[in-house]
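Chemist: build me a model:
(3 chains)
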Amino acid sequence: MNGIIRYLVRRLVSAVLTLLLLSLVVFAMVKVIPGDEAHVAAGATATPQQVAAMRVHLGLDKPWPQQYLTFLGRALHGDLGTSISSHTSISSGIGQVLPETLQLTLVALVLMILFAVPTAILSAFRRRRSSDTVVRAGVVVASGLPTFWLALVAQLLLATTLKIFPISGAFGPHLSVPRVTGMSIVDAALAGSPSLVWDGLYHLILPATVLALPFTAQLYRALRTEMIAVLDSEFMDAVRAKGVPTRQLVLRHLLPNAGGPAITVVGATVAMMIGSAVLVESVFGLNGIGAYLTAAVANSDRFAVIGGVLVIGAVIVALSLLVDVLQLIRDPRLRAGQVGV
Amino acid sequence: MMSSIEQPEARPAAVPAAAPSTGAAPGTALSLSDVSLRLGRNAGDLALVEGVSFSIAPGERVAMVGESGSGKSVLARAVLGLDRDLVVSGEIKVGSKVVSGRGERGFRAVRGRRVAMVFQNPMGSLDPLMTVGAQVAETLRLGGASRATAEERATSLLSELGIADAARRARAYPHEFSGGMQQRVVLAMALAADPEVLIADEPTTALDVRAQEQVLTVLGDVTRDRGLTVLLITHDLSVVAGFAERVLVMYAGRLVHDDAVEDVFAAPAHPYTRGLLEAIPRMDRRPERLPTIAGTIPPPGARPSGCVFHPRCPHAMPVCSEVDPAPTPSPAGGRVSCHLFTQPEEDR
Amino acid sequence: MALIVPGIPVARRGVRLRFSNGRWFSRIVIGAAGLAVLVAIVAPLVAPDSVTSSDIANALHGPSAQHWFGTDDQGRDVLWRVVAGSRASLLSALLVVAAYSVIGGVVAAIAALGGRFLDEIFMRFTDAVMAIPTIVFALGFAAALGPGLHSAIIALSITAWPVTARLLRTEIQQTMTRPYVEGARVLGVGRTRLLFRHVLPNSLDALLVKWGADVGSTVLVISGLSFIGVGPQPPSPEWGAMVNEGAGYIGSAWWMAVFPGIAIAFVAVVFALLADVVQERLAAGRS
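Modeler: Predicted structure coming up:
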């Protein structure tokens, strides 16, 4: 038990350190930008007095380390400053949009797992050497397709032309659903309205599939490789010799043992998906953090951009911590203190 | 229907070793008739094992010996159908039930419940992510036991095999045990479903000498208590002496010698067997060089014509390179495939 | 354990697909990659003015004999724009890869040779940077530096060097502990010399493979950035920006967006395959 606690503490400390460093980097980015912050904040038409007042207001006359600490202090309290363009709180602005992105990512994740796991299992059982290269080629191609382009093409083919799916990822009911978590589908479910839930899902399927595609290919490949390795391993023979039927063999022995790399891949995938989500959202008209960031960049709203980057970074660091914990749960050898997931 | 573990008398007593039976005699625990294992369906495909026939009576303890490459492990695995790419011809029977020729289903019927197998590398035979107790209990639950019963029986089984503080240790993971202890766990797993036949493939090879001894003792005790039929695969003849009643000698995919253990050690009939024995270093004799059998075992694709051992045999005769010797009775009452013993009028 | 029988080759490779792992497959891949780079270098010099000038009369014509990829909303020939756009996308990617490799190498050397404290800090820093998806980070920088190709390049170089640095640091550490290197050190061979003569060649394998894959993914990111509007500004051609411009016309003039996208995919795939090919060649060379 001791070993686990020490490991968790270490990981937690590491995560905190990482976040701190991230905040430092982000802060440095703001400082590095050419141009007078106060001037930008006050607006192009501000008078020198207004600019000076803004400078004091933003604390820009203080030394940098102190500025950083103030910034950090505010951030920890959830205050990421005010948006230059919209003059509203950045954190509330992000808070509005982040759940949408998370929802999209979650749906994409679920789709990815639903597709990759069974196909990997099947392909691991019936393996043929010749399909190995086809798989590899397929993965390479799937990963090489630019997501935004794929989104456009998918939208063109499936939504506009064939009209199977809706063009937009968002759906009207969001307005009429009481906002609890900010995730429209979850909120719809909480409000007890299954038809809205289905509607929401229906709208999200296309964007989520596009988002998930390259990652599904990679997960499939990683899983398949690992499963083949496990199926070939010695203890599988012993399990079969015991007379364990196939379904139980897969569920209780194959998946847990092959799952290690898969969990790590999924963890890394979520990080990258959030990045890709930025691109997909604009095509499908989803109002997530991607749209927020893009708008901020277009408006040169540096504080909003910085805030967004920091939040995304925090989410991802938390996720990687979660992945580590999951690995610990899965594999008792790691719990025994052998470091290295 | 679970037979209780505490019924050693339920099994028939061991058959005296002097009369090994051939063919499908009544009361056989395991019998193989003209079994060949090929890498494909066609006759021309590589045969790893050819024309092996033997049968083991219930309660008998038989050792199968041979060098690496002799096909002994592959043959043992074939009884449970573990290698799906191998094509089995001939007949394998467990008790009176034919297991071969029916695909997966035939083997599934006997795996674990009637025939259990213990492998060479104990750490490799255990799922690293499952507790030891759960793995033993898994076999029991496959037989229909409830969770509570299975757990209880698993614990008592572990205890019987010499694992101290079994109730607590059952919740430990394989990597927390030493090699010898792991092998006992593997044994417990194998015995859990109360099989009739236990096949042990080099169970002590991966262990240090002390653990080897302990595992063999434990193996001996539990199998004797249960009257289990044991097929022990090994390349170590010293292990054979303490354990087996009968010895099957494999060479290059063929069964060349089948005799009682005393006869094999005292007056080995087949030249290969003799070579194996002479190669064992002895404390009472100090030759300048350890005797070896000249040459190496031929790989499956390159087996010689006629008697498969003849290129290395000190007693080779002209007929040996032409005609493959059929199994004939050995002086001690077993069977041997060697032209030294082939009588012209004798038929099998 | 799968069946292992002495004397029989362990892997009986089934029928290999004709176009895989063969000699001529790797040749094709290398050839395609080389061609792409060549086009990227040469094309902008050769492209006609029509690439950036407008000719509204000709706008939005579909693919035809004169315009193989059709024309865009400004009447420009899409094929030439795609070809010219290769500079922005591909050459920039190459530049980025070169830049971050150098930066990464220097930092790795300092970290690996500089003692434990420096090393720890460095590791934490890399973790921090790796935590953020490249696009997001690049967006941040782009906000700072303003839109344009230069900000994309700078942003990507800065975000990507940590991974290379980490890779190299591991390599350096591993090589430094090899007996022959220790022996050389004892003999008084200077550290820098060691670095160049021993560490670099050993790391080359991993680096080459990484470079191949990275060029592909960098092209994807650069075009992604342009798609959002951060990156080369119109009218200069860049694949991502072209997709963006074509997005609005996707229903009526699909060729505007589709062809640049295919170009992006093509480059990304070719270079990823290149990385694979290089890896296999190196592995084969070793054994």
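Chemist: and the helix or strand that contains A:Ser92, what other elements does it pack with?
Modeler: If you go by DSSP states H and E, A:Ser92 is part of helix A:90-125. If contacts are counted by 3 or more CB pairs under 8 Å, 6 or more residues apart in numbering or on different chains; DSSP states H and E, helix A:90-125 sits against helix A:184-190, helix A:194-232, helix A:255-284, helix A:289-298, helix A:302-330. Every C-beta, even on glycine, is put in place using the N, C-alpha and C of the backbone.
Chemist: can you pull the buried residues of it?
Modeler: Going by neighbour count (16 or more other CB atoms under 10 Å in any protein chain shown), the buried part of helix A:90-125 is A:90-91, A:93-94, A:96-109, A:111-113, A:115-117, A:120-121, A:123-124.
Chemist: circling back to that earlier point, any chance of the helices and strands packed on helix A:90-125 in JSON lines with mean pLDDT and mean neighbour count as columns?
Modeler: Output for the helices and strands packed on helix A:90-125, formatted as JSON lines (pLDDT from 0 to 100; neighbours: other CB atoms under 10 Å in any protein chain shown):
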{"stretch": "helix A:184-190", "mean pLDDT": "72", "mean neighbour count": "21"}
{"stretch": "helix A:194-232", "mean pLDDT": "84", "mean neighbour count": "21"}
{"stretch": "helix A:255-284", "mean pLDDT": "83", "mean neighbour count": "22"}
{"stretch": "helix A:289-298", "mean pLDDT": "80", "mean neighbour count": "24"}
{"stretch": "helix A:302-330", "mean pLDDT": "82", "mean neighbour count": "21"}
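Chemist: in TSV, list these along with distance to chain C.
Modeler: What follows is the helices and strands packed on helix A:90-125, written out as TSV (distance: least, CB to the nearest CB, whole Å):
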stretch	distance to chain C
helix A:184-190	23
helix A:194-232	5
helix A:255-284	3
helix A:289-298	5
helix A:302-330	4
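Chemist: so which of the ones you listed gets nearest B:Gly27?
Modeler: In terms of CB to CB, the element of the helices and strands packed on helix A:90-125 nearest to B:Gly27 is helix A:194-232, at 38.1 Å.
Chemist: and the closest one, how far from the chain's centre?
Modeler: In terms of CA atoms, centre = their mean, to the nearest Å, the centre of helix A:194-232 is set 14 Å apart from its chain centre.
Chemist: who are the packing partners of it?
Modeler: Helix A:194-232 packs on helix A:90-125, helix A:129-144, helix A:147-154, helix A:184-190, helix A:255-284, going by 3+ CB pairs under 8 Å, 6+ apart.
Chemist: count the residues that sit near residue 249.
Modeler: As the question left the chain open, I've gone with chain A. By the criterion of other CB atoms under 10 Å in any protein chain shown, A:Leu249 has 16 neighbours.
Chemist: let's do chain C instead
Modeler: 16.
Chemist: what's near enough to touch it?
Modeler: C:Tyr249 makes contact with C:60, C:73, C:256-257, according to CB atoms under 8 Å, 6 or more residues apart in numbering or on different chains.
Chemist: can you pull the contacts of the residue nearest to B:Arg169 when sequence neighbours are not counted?
Modeler: Spatially, and ignoring its direct neighbours in sequence, B:Arg169 is nearest to B:Ile163 (5.5 Å; CB to CB, 6 or more residues apart in numbering or on different chains). B:Ile163 makes contact with B:169, B:181, B:184-185, B:188, according to CB under 8 Å, 6+ apart.
Chemist: now swap in C:Ala33 and tell me
Modeler: If a contact means CB under 8 Å, 6+ apart, then C:Ala33 has C:270-271, C:274 as its contacts.
Chemist: contacts only, for C:Ala253.
Modeler: Neighbouring residues of C:Ala253 by CB under 8 Å, 6+ apart: C:60, C:62, C:70, C:72-73, C:246.
Chemist: please tell me how far A:Arg333 sits from A:Gly259.
Modeler: Look at A:Arg333 and A:Gly259: by CB to CB, to the nearest Å, they are 14 Å apart.
Chemist: correction: B:Gly143
Modeler: Note on B:Gly143: its distance to A:Gly259, by CB to CB, is 28 Å.
Chemist: also C:Leu60?
Modeler: Counting by CB to CB, the gap from C:Leu60 to A:Gly259 is 51 Å.
Chemist: closest point of the stretch 1-150 of chain C to chain A, which residue?
Modeler: Chain A sits closest to C:Pro133 of the stretch 1-150 of chain C, with a gap of 2.6 Å, by CB to the nearest CB.
Chemist: so who does the closest residue to that residue other than its chain neighbours touch?
Modeler: Leaving aside its chain neighbours, C:Pro133 sits nearest to A:Gly275 (2.6 Å; criterion: CB to CB, 6+ apart). Counting by CB under 8 Å, 6+ apart, A:Gly275 makes contact with C:133-136.
Chemist: so what's B:Pro314 up against?
Modeler: B:271, B:275.
Chemist: most remote residue from chain A's center?
Modeler: Most distant residue from the mean C-alpha position of chain A: A:Gln49, 43.3 Å away (CA atoms, centre = their mean).
Chemist: who are the packing partners of the host helix or strand of that residue?
Modeler: Element membership for A:Gln49 (DSSP H and E) is helix A:48-57. Helices and strands touching helix A:48-57, by 3+ CB pairs under 8 Å, 6+ apart, are helix A:37-42.
Chemist: and C:Leu282, how many neighbours?
Modeler: Neighbour tally, C:Leu282, other CB under 10 Å: 14.
Chemist: and it, which helix or strand is it part of?
Modeler: Assigned by DSSP H and E, C:Leu282 belongs to helix C:255-286.
Chemist: what's the first helix or strand after the lowest-mean-pLDDT helix or strand in chain C?
Modeler: One helix or strand of chain C scores below all others by mean pLDDT, DSSP states H and E: helix C:191-194, with a mean of 68. Note on helix C:191-194: by DSSP H and E, the next helix or strand toward the C-terminus is helix C:200-228.
Chemist: residues touching A:Ile312, list them.
Modeler: A:Ile312 neighbours (CB under 8 Å, 6+ apart): A:274, A:289, C:132-133, C:136.
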